[in-house]
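**Student:** Give me the fold of what follows.
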Amino acid sequence: MLVDGMALLFRAYFATASSGYIRRTKAGVPTNAIYGFIRYFWDAVQTFNPTHVVCCWDLGGGTFRGQQFAAYKGNRPDAPDDLIPQFSMIRDVMDSLGVPNISAEGYEADDCIGTLADQFGREMDVMVLSGDNDLLQLVSDRTSVIIMKKGHGNYKVYTPESLYEEKQLRPRQIIDVKALMGDTSDNYPGVKGIGEKTAIKLVQEYESVEGILENLDQLSKSVRAKIEADLDMLHLSRKLAEIHCCVPVACSLDVCQLSLDHHQVISKFEELEMKSLCSLMGLAIS
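**Tutor:** Okay, the predicted model is just below:
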């Protein structure tokens, strides 16, 4: 199981912060995101029973996408002050669970996940845990993507069959759809004036961006004019949408086998004043 760390951490933070209550240690250190993260993480482990687990993270600083398009993710607000110290603390917690933390400078967690899914997929079935539909492009015969839905313990598992059944798209076509419609959360525009419905319809009909461009004469005047006016951005948006699966990261199977050192985990949870997580995970406190 490859875990999209930031997706779980942000979800865990806002699930509780929105109520106005932030869990803290006696010293005042915020821990609400860590507490929620472990609850989400452990529920997924119990539900899907992976033998090996890796957690992938974004690093601070720029990525190659920001170099290609300066406004990439430029609309994102700064992380809340109470979340910032929890970025490094959650990595320590995952260390205590024996789960490797993987990231790569200049790349996003998605790229690390794609690369590891490709590497591990040669030997075993892979599950990707996230709340981010961008990762659906990684679905394959060996890789399923588990999307966390609203509510605790609520998942949608995507395989090539279930993805096609729901969206009538193949995994690689997710990239072409995003090339056309853009992505407001990542702040790249796609083709101006083309929304999700039109983008999906075009990709379903013509298979890919190349197929659409080869059949411009078949399109309505209005859609054709929009695409022709924004060809450069169409190609750039496609580059931005595509997850890179050749990032310089590696993790050997023996390192990521899930095997808890009970004493180490209990010690970490006691340090963070989260003893209730020990019982959640079935760890006996002596």
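
**Student:** CA atoms for contacts and neighbours, from now on please.
**Tutor:** Noted.

**Student:** all helices for the stretch 151-286 of the chain, in order.
**Tutor:** 160-167, 173-181, 196-206, 209-214, 221-229, 231-241, 262-271, 275-280 (DSSP state H, counting those that start in this stretch).

**Student:** ranking these by burial, who's on top?
**Tutor:** helix 173-181 (a mean of 26; mean count of other C-alpha atoms under 10 Å).

**Student:** Report the distance from that one to the chain centre.
**Tutor:** The chain centroid and the centroid of helix 173-181 are separated by 17 Å under C-alpha atoms, centre = their mean, to the nearest Å.

**Student:** contact partners of it?
**Tutor:** The contact list for helix 173-181, computed with C-alpha atoms under 8 Å, 6 or more residues apart in numbering, reads 134, 136-137, 189-192, 194-196, 199-200, 203, 207-209, 234-239, 241-242.

**Student:** C-alpha coordinates for it, CSV please?
**Tutor:** Extracted in CSV, the C-alpha atoms of helix 173-181 (Å, rounded to 0.1, in the frame of the first residue of the first chain):
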residue,chain,number,x,y,z
GLN,A,173,-7.4,9.2,-20.6
ILE,A,174,-7.7,10.9,-17.2
ILE,A,175,-4.6,12.9,-18.2
ASP,A,176,-6.2,13.9,-21.6
VAL,A,177,-9.4,15.1,-19.8
LYS,A,178,-7.3,17.3,-17.4
ALA,A,179,-5.3,18.6,-20.3
LEU,A,180,-8.5,19.9,-21.8
MET,A,181,-10.4,21.1,-18.7
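
**Student:** ok and that helix relative to helix 160-167, angle-wise?
**Tutor:** For helix 173-181 against helix 160-167, the angle by axes from the mean of the first three to the mean of the last three C-alpha atoms, to 10 degrees is 30 degrees.

**Student:** any idea which helix is longest in the protein?
**Tutor:** Longest among the helix segments of the chain by residue count, using DSSP state H, is helix 32-48.

**Student:** Could you list every helix and strand in contact with that helix?
**Tutor:** Secondary-structure packing of helix 32-48 (3 or more C-alpha pairs under 8 Å, 6 or more residues apart in numbering; DSSP states H and E): helix 5-17, helix 84-96, helix 275-280.

**Student:** Please work out which of those helices is packed deepest.
**Tutor:** helix 5-17 (a mean of 20).

**Student:** and the angle for that one with helix 84-96?
**Tutor:** Using the same axes, to 10 degrees: helix 5-17 against helix 84-96 is 120 degrees.

**Student:** contact partners of helix 5-17?
**Tutor:** Taking C-alpha under 8 Å, 6+ apart as the rule, helix 5-17 contacts 22, 32-37, 40-41, 55-58, 83, 109, 130-132.

**Student:** Can you list the low-confidence ranges for the protein?
**Tutor:** 286 (pLDDT under 70).

**Student:** Tell me, domain by domain, which residues of the chain belong where.
**Tutor:** Domains of the chain are assigned by the TED database as 2-167+244-281, 171-241.

**Student:** any idea how far the closest residue to Asn154 other than its chain neighbours lies from Ser96?
**Tutor:** Nearest residue to Asn154, sequence neighbours excluded (C-alpha to C-alpha, 6 or more residues apart in numbering): Met148, at 6.1 Å. Per C-alpha to C-alpha, to the nearest Å, Met148 is found 24 Å from Ser96.

**Student:** do the same with Arg23
**Tutor:** Separation of Arg23 from Ser96 (C-alpha to C-alpha): 21 Å.
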